[in-house]
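**Q** sequence and predicted structure below; questions after.
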There are 2 protein chains.
Amino acid sequence: MLSKNKVKFIKSLRLKKFRQKYNNFIVEGDKMVRELLAEAPHNVAELYALDDWLASVEEVGEVNRERLVSVTPEELKRISSLNTPNQVLAVSLIPEARVDPDKLPQALSLYLDGIQDPGNFGTILRIADWFGLSYVFSSPDCVDAYNPKAVQASMGALFRVVSIETGLEALCRGRPGLPVYGAVMDGENVFHAPLGQKGGIIVIGSEGSGISPAVEPYLSHRISIPPAAHSRADSLNAAVAAGILCAVFRERAGR
Amino acid sequence: MLSKNKVKFIKSLRLKKFRQKYNNFIVEGDKMVRELLAEAPHNVAELYALDDWLASVEEVGEVNRERLVSVTPEELKRISSLNTPNQVLAVSLIPEARVDPDKLPQALSLYLDGIQDPGNFGTILRIADWFGLSYVFSSPDCVDAYNPKAVQASMGALFRVVSIETGLEALCRGRPGLPVYGAVMDGENVFHAPLGQKGGIIVIGSEGSGISPAVEPYLSHRISIPPAAHSRADSLNAAVAAGILCAVFRERAGR
């Protein structure tokens, strides 16, 4: 039986303010919770599930039984942020994430500048997971990686990719040689741009306003994905642009 | 003043069944409706807008004044499928779209096989618009291009890209030399695959089940986007995969 306070606490985690206050976030649904249990079982604070799901959890392994709470479909509906609640909801700790200063110059990373759409953020985490990127950094005005829609769109990538909210200047300080590639409309075609190194940061701006004036001075290279000659399209989706750039970098700069 | 029947009609267009029955679909919000008016003003059947928006429509040009209906914010809310209705809602004819048999072998096109997510479908239309693709074909079990969420995600591309629901066999019949590239997990790296021609069809399967058995026999080439060596990601988002493949094709096979 879920107390009123518990329901209130879980629902509060839909808001960034409370995720930060409690250092907790929500993971929902069979697939996503199994990914969480496989990748970070020690982070599970509480796990609310239907009896049928709990009966199947044997297979999952390492989860601490004390943290499992049986709920009815009605109770799950009260705490779920999905239109169609799916068997299980976990409350996870937000893992501590740090930049390894030695790793940064050798690593390929993304920096998201003002990305507001949580679906795009989650999709970009999935891209980073696919291409083995070391970090996904994000500006403080981005949606956060632990937004429920970002978590869902990441399809589990969130548990494998290191995601850190930080200013770009903090990453560039004391690293004058670090390449910072900005995706801009009038940049050099990424297929022909001089990449040549394994490491660097690719900056993706928001679809509406592009790369912000605060970030612009840190770009060492300006790159683009050229449209067709007669295209009248304004822009590509931010996650699609990130995917194309990561694919080309991995191919051209070496795996 | 909107009649009950009118409200019922407009709301019915959220469902594919009624879009097909009436051959109409909904376009919502200032940006999208302006794109519609710029690209296909003759398709506008009805246009419901707040007075402020109507006062600004002078600039838009070609719209037929008889089709403009002033509505109150409350009325707009009743007919809108957006959480936050945005000034204007248009009912548009679904344009007739046909394949030009002479164009197909020279054209680069996409074939979507079982894509269920309307956001992905719209994002793929936007990709096709950016890279100047001739057609976006889709299997009958795809979500349709005129789903309200697909329309929104396309950011206007829907009005510029030719989108046709058809079986792949109908496209391949009588065209034995037409290259059909399937995006599969174990295909050849798209960066190294022999492309060499301007024309062809790129097939994108659903994220859950990949390319269907009905479509598989028509593939002439199997291509892939290789993950990083130690990646544990299952897959890329379907729209991201489509974007990467279109970018690489355009670059390698020539614009």
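**A** Happy to help now that I have it.

**Q** my guess is A:Asn132 contacts B:Arg232. True?
**A** Not Asn; residue A:132 is Gly. No. A:Gly132 is not in contact with B:Arg232 according to CB atoms under 8 Å; the separation is 9.5 Å. Just so you know, the C-beta spots here come from the backbone N, C-alpha and C atoms, and that holds for glycine as well.

**Q** who's more crowded, those two?
**A** Neighbour totals were compared for A:Gly132 and B:Arg232, and A:Gly132 leads with 20 against 16 (other CB atoms under 10 Å in any protein chain shown).

**Q** okay, the closest residue to chain B within the stretch 1-150 of chain A: pLDDT?
**A** Scanning the stretch 1-150 of chain A for proximity to chain B using CB to the nearest CB identifies A:Gly132 as nearest, at 2.6 Å. Looking at A:Gly132, its pLDDT is 95.

**Q** ok, it - contacts?
**A** By CB atoms under 8 Å, 6 or more residues apart in numbering or on different chains, the contact list for A:Gly132 reads A:Arg250, A:Arg255, B:Pro227, B:Ala228, B:Ala229, B:His230, B:Ser231.

**Q** which residue ranges of the stretch 151-255 of chain A form helices?
**A** Ranges of helices in the stretch 151-255 of chain A, per DSSP state H, counting those that start in this stretch, are A:168-172, A:238-252.

**Q** what's the answer for the stretch 1-150 of chain A, then?
**A** Counting by DSSP H, counting those that start in this stretch, one finds helices in the stretch 1-150 of chain A at the ranges A:4-12, A:16-22, A:30-39, A:51-56, A:73-79, A:118-130, A:148-154.

**Q** output the contacting helices and strands for the fourth one.
**A** Contact partners of helix A:51-56 among helices and strands, from 3 or more CB pairs under 8 Å, 6 or more residues apart in numbering or on different chains; DSSP states H and E: strand A:68-70.

**Q** so for the strand it packs on, what gets flagged as buried?
**A** For strand A:68-70, the neighbour count (16 or more other CB atoms under 10 Å in any protein chain shown) marks A:Leu68 as buried.

**Q** how distant is it from the center of its chain?
**A** Relative to the chain's own centre, strand A:68-70 is displaced by 28 Å; criterion: CA atoms, centre = their mean, to the nearest Å.

**Q** what does chain A have sitting close to chain B?
**A** Residues of chain A lying close to chain B by CB under 8 Å from any CB of the partner chain are A:119, A:123, A:126-127, A:129-132, A:153, A:155-157, A:160, A:189, A:191, A:225, A:227-237, A:239-241, A:243-244, A:247-248, A:250-251, A:255.

**Q** pairing partners for the longest strand seen in chain A, with directions?
**A** Across chain A, the longest stretch assigned as strand under DSSP state E is strand A:180-189. Next to strand A:180-189 in the sheet, as set by DSSP bridges, lie strand A:200-205 (parallel), strand A:221-224 (parallel).

**Q** now it: average pLDDT?
**A** Averaged over strand A:180-189, pLDDT sits at 94.

**Q** and if you look at stretch A:24-38?
**A** Averaged over stretch A:24-38, pLDDT sits at 94.

**Q** starting at the chain centroid, how far to it?
**A** Using CA atoms, centre = their mean, the offset of stretch A:24-38 from its chain centre is 14 Å.

**Q** show the end-to-end separation of it, please.
**A** Chord length of stretch A:24-38, first to last residue, is 18 Å (CA to CA, to the nearest Å).

**Q** chain center to the longest strand of chain A: distance?
**A** Chain-centre distance of strand A:180-189: 22 Å, with CA atoms, centre = their mean.

**Q** got the angle for it vs helix B:238-252?
**A** Angle of strand A:180-189 versus helix B:238-252, following axes from the mean of the first three to the mean of the last three CA atoms, to 10 degrees, is 50 degrees.

**Q** who's in contact with strand A:180-189?
**A** A:111, A:168, A:172, A:193, A:195, A:200-205, A:210-211, A:215-216, A:218-226, A:235, A:241-242, A:245, B:251.

**Q** same deal with stretch A:102-109?
**A** With CB under 8 Å, 6+ apart as the test, stretch A:102-109 has contacts from A:131, A:133-137, A:171, A:175, A:177-178, A:198-202, A:246, A:249-250, A:253.

**Q** just the buried members of those?
**A** A:131, A:133-137, A:171, A:178, A:199-202, A:246, A:249-250.

**Q** farthest pair in those?
**A** A:Leu171 and A:Arg250 (20.5 Å; CB to CB).
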